[in-house]
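1. Below is the sequence, then the predicted model.
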Amino acid sequence: RVFRSANFLWRGNSHLDETCLRLAQSPGCGKLDRLRLSRRRQQTGDRLQSPGIAALAKADFSRLAELDLSYQDIGSGKLKILLRSSALGGLKSLDLSGNPLKDTGAKALARSGLLANLDVLKLESCQLTDAGLTVLAHAPDCRVEQLFLGGPENVFTPLGLRALLESPAAVHLRTPCLAC
């Protein structure tokens, strides 16, 4: 049987990086269209570390359309490793909610070229400010239709929101969710 979706909701399992290494080496990896390695908010236990991120970045995810890495403690450094993957170019949905990306992570995401193909981008509670929002809004070829930026750890002022709504990317936005 061919699996097209892999869902891993971690509940304190201490083998997450090892699982990512095995998944990345699996011949069926290139057939996945959805991968969820999400955690719950405030959950303790293992988080995705650099070896797991590096394995994911090297994997053949040529058919992957949806990637959920929410609440995995991915900062801008780990995000930059992941964004080096050429196999993520077909993504349509990316959920990085609950990761401490900060504005440097937003800048890395904006420079990656990934926003040209994404329909859905979830960055709730990623410790973003007006600077990160402005960088995302002015990313070259940004075509995101649904943008989720709510959460208590994102802090935007009217200036940041104005930068988003007046940016070239705003013409593509159908669902900007700032207080989800």
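-> In hand now; what should we look at? Numbers count the residues shown, from 1 in each chain.
2. what about residue 125, how many neighbours?
-> 22 (other CB atoms under 10 Å). C-beta here means a position set from N, CA and C on the backbone, and glycine is covered the same way.
3. tell me the contacts of it?
-> 41, 97, 98, 150, 151, 152, 153, 154 (CB atoms under 8 Å, 6 or more residues apart in numbering).
4. Write the PyMOL selection for whichever of these are buried.
-> Selection of buried members from the contacts of residue 125 for PyMOL, criterion 16 or more other CB atoms under 10 Å:
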select buried, resi 97+98+151+154
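5. Tell me which of the contacts of residue 125 fall in helices.
-> Among the contacts of residue 125, DSSP state H puts none in helices.
6. now the contacts of residue 125 in CSV, with pLDDT?
-> CSV is the format used below for those (pLDDT from 0 to 100):
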residue, pLDDT
41, 64
97, 96
98, 94
150, 92
151, 92
152, 91
153, 94
154, 95
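7. and of the contacts of residue 125, the nearest to residue 127?
-> The closest of those to residue 127 turns out to be residue 153 (CB to CB; 4.9 Å).
8. Who are the contact partners of the closest one?
-> Counted by CB under 8 Å, 6+ apart, residue 153 has contacts 125, 126, 127.
9. Give me the secondary structure label for the second one.
-> If I follow you right, that is residue 126. coil (DSSP: H, G, I helix; E, B strand; the rest coil).
10. which one is it nearest to, not counting chain neighbours?
-> Using CB to CB, 6 or more residues apart in numbering and skipping the chain neighbours, the partner closest in space to residue 126 is residue 101 (4.3 Å).
11. How many residues are close by that neighbour?
-> The burial count assigned to residue 101 is 25, neighbours taken as other CB under 10 Å.
12. wait, it sits on residue 74?
-> Yes: using CB atoms under 8 Å, residue 101 is in contact with residue 74, at 7.1 Å.
13. So for the residue nearest the centre of the chain, what's the pLDDT?
-> When CA atoms, centre = their mean is applied to the chain, the residue found nearest the centroid is residue 96 (3.5 Å). Reading off the per-residue confidence, residue 96 sits at a pLDDT of 97.
14. what's it in contact with, if anything?
-> By CB under 8 Å, 6+ apart, the residues touching residue 96 are 69, 70, 74, 79, 105, 122, 123, 126.
15. Pull up the per-residue confidence for residue 177.
-> In this prediction, residue 177 carries a pLDDT score of 83.
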